[in-house]
Structures are given as structure tokens and as C-alpha cells.
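A.B. asks: When you get a sec, could you give me coordinates for this:
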Amino acid sequence: MLNSDNYKPKSRDRFKQTLDGKKAGDQNILPSIGQRPKEFEHGFPGDSFFVMEQMIGVRKEFSAESKDSIKKILAGPMGVGKSYLAIFLAAKAYTEGWPVLYVADAGELVQSKLSVTGTEICERFFALSKERLTFADFKEILKALSRDTIVEDTATSTTSRILSSLVCQVDKKALAIIDEHGKLFENNKPAPSLFEPLIDIHLWKPASNGARAIFTGTAFAGYETIILTRDVDSILEFVSPLSNTVFDKLLASSPLLSEEDVREEPQTTFQGNSTCWSGFLTNLDPKTYT
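C.D. replies: Okay, here's the model as predicted:
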């Protein structure tokens, strides 16, 4: 698991060159972080995206010192840009050397055996984090390995250690992101073979003041009323539509739609929905407006 090349990202230097100094409205081509949100496979612009004000705002909140852990559920309609916000935060945390657990598709964690789920989590975590783990961090892992000689038990124990301490740090920033979180539920119940912190965001302990946790795509309709029982105002983060500044730069990125007489119709239609709008630009047929 530790030496697996699955989910291997590009170098931190590549990410640093891409992301450092970017401001709202800047367009980026994101290097591979080892995983791709599902929207990237369905006609949307994928690795090319525009930085939004909310990306910078949430990143600033996460980077600041805090007396408690910070937990967010990214909410909003399909296509508003939740996955783009999530992968931006993962990329920034990776660039700055935080321990990072990033899961682009939570459905891949739904396995018949807990040990297989554990392996999926371990490989994703180590791909982004192993170079920056300290000696103390590896001691935490070795505690699990010394107790469990069976490979399946090792995967489960190591994952428990990752979720309980390595991404739940005190006075050291760490980030966990679970995208497409609703896939962990079936018939309003969590899949049977799962680790509890993947289900209940409250289990990211307040005392772990360096921990930053994000769930997106909580499609389970009762999540906010059944599981999210407290701190709703601070945890729910509604992803905003594009600001006029960013939207104008999106329009300007298309030679055709930057023309004043053809921009009003798509602007009215998409109303700041970043993913649908970007997908529209990607698949635009110039004949439509000629």
C-alpha cells in the first residue's frame, strides 16, 4: 500500500507553479492529482478551470489557525462546482505538504470487505501524503502493523489509524475530502462495510484542531436531518454560482461568445452554473450562433 503507484500525482513543484499567486477569475490547467471527479469524464472541461472567489475564501479559512477541527459539507445543485472546489482544496493542501486523503468517487469505497475499503483509502492517502509524514506519523502506522500480521487486518488497522490520527492532527493541518459522498448510502442506510468517520462528519473530533474535513454530494436526502444533528450553520457550505467577474472571464474565453450580440442567451440560461456552463463551452458548435 505504501509503495503503490495507484493514484500517483504529479510533483508538488508542478502544482506550485500552477496554483501559486492565482486570484479569482484566473484560468488554470490542473496537473493530475491521481484521481478525476466524474464530471471530468462527461464532456466538461476537466483539468481546465477558473478560480472562484469561494475557492479562495474556503482555502483561507482552512489555512487559518483554529481552536477546533473545521468540517464542511459542500451543498448546492448539480453542476454548481462542488467537485471543482473540492479538488482545488485538495491540490492546494497537497502543494503545501499537508497530509491529504482525497477520494474523488466515494462509490469506490463501497466494497464487500472492510479490508478492501481500507486498501482503497490507504493507497489514496499515501499517494498524496507519504513524502511529508513525520517519524511520529510512521510510528502510528507501525503500531498497527506490529499488531496485525495478516494483510487484510493490516489494511483495516492502518486505515483506522489514518482516520483517527493522521488526518485528525492537533496543531498540524491535514485534509480529508470525500466527493460523491451520497454513494456511501443505499436505501437511506450506510453501506455495511465502512469506517464510521466516512459516514458521520461529527466524528472528526473538535479537539483535533488541525483537521479539515469535507464531504460533497451528500445525495442521501436525510443526511442533514438525521446525521447532521448539530453545528449545521458552520458545517453546511452552499457553493455559490459564479460571480459576474468570473462569469465574464468564462465568456471571454470563447472567441464566439465574447461577442456582445450572442452572449446574452447562454448567460441567462446557465446563470452562473459553473460546471454546466464550462461543459457548454467545451462542446459549443459555432454554427449555432452563425
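A.B. asks: switch to C-alpha atoms for all contacts and neighbour counts from now on
C.D. replies: Will do.
A.B. asks: How about residue 172, nearest residue that isn't a chain neighbour?
C.D. replies: Leaving aside its sequence neighbours, residue 172 sits nearest to residue 210 (Cα to Cα, 6 or more residues apart in numbering; 4.8 Å).
A.B. asks: Distance check, the one you found against residue 9.
C.D. replies: 23 Å (Cα to Cα, to the nearest Å).
A.B. asks: which of the two has more neighbours?
C.D. replies: Taking neighbours as other Cα atoms under 10 Å, residue 210 and residue 9 compare with residue 210 leading, 25 against 19.
A.B. asks: Would you confirm that the more buried one contacts residue 165?
C.D. replies: No. Counting by Cα atoms under 8 Å, residue 210 does not reach residue 165; the two are 10.6 Å apart.
A.B. asks: gap between stretch 193-208 and the chain center?
C.D. replies: 16 Å (Cα atoms, centre = their mean, to the nearest Å).
A.B. asks: those strands in the stretch 151-290 of the chain, which residues are they?
C.D. replies: Using DSSP state E, counting those that start in this stretch, the strands assigned to the stretch 151-290 of the chain run over residues 174-178, 185-186, 189-190, 211-216, 236-238.
A.B. asks: still on that earlier bit, quick one: contacts for the residue nearest to residue 172?
C.D. replies: Applying Cα atoms under 8 Å, 6 or more residues apart in numbering, we find residue 210 in contact with 65, 66, 68, 69, 70, 168, 169, 170, 171, 172, 173, 174.
A.B. asks: how close does the fifth one get to residue 130?
C.D. replies: In this structure, residue 70 and residue 130 are separated by 23 Å, where distance is defined by Cα to Cα.
A.B. asks: Pick out whichever of these two has more residues nearby.
C.D. replies: Comparing residue 70 with residue 130 by other Cα under 10 Å, the one with more neighbours is residue 70, at 21 against 17.
A.B. asks: now that one, which residues is it bridged with?
C.D. replies: When assigned by DSSP bridges, residue 70 has beta-bridge partners residue 212.
A.B. asks: Just confirm residue 24 contacts residue 53, I think it does.
C.D. replies: Yes. Assessed by Cα under 8 Å, residue 24 is found in contact with residue 53 at 5.2 Å.
A.B. asks: can you give me the strands for the stretch 1-150 of the chain?
C.D. replies: Under DSSP E, counting those that start in this stretch, the stretch 1-150 of the chain gives strands at 27-29, 48-50, 70-75, 100-103.
A.B. asks: Any idea how many residues pack against residue 234?
C.D. replies: Neighbour number of residue 234 under other Cα under 10 Å is 11.
A.B. asks: Excluding chain neighbours, what is closest to it?
C.D. replies: Per Cα to Cα, 6+ apart, closest to residue 234 is residue 72, 7.5 Å.
A.B. asks: hang on, the one you found packs against residue 213?
C.D. replies: Yes. With contacts counted by Cα under 8 Å, residue 72 reaches residue 213, the gap being 6.2 Å.
A.B. asks: Which one of these two is surrounded by more residues?
C.D. replies: residue 213 (26 against 20).
A.B. asks: Thanks a lot, catch you later.
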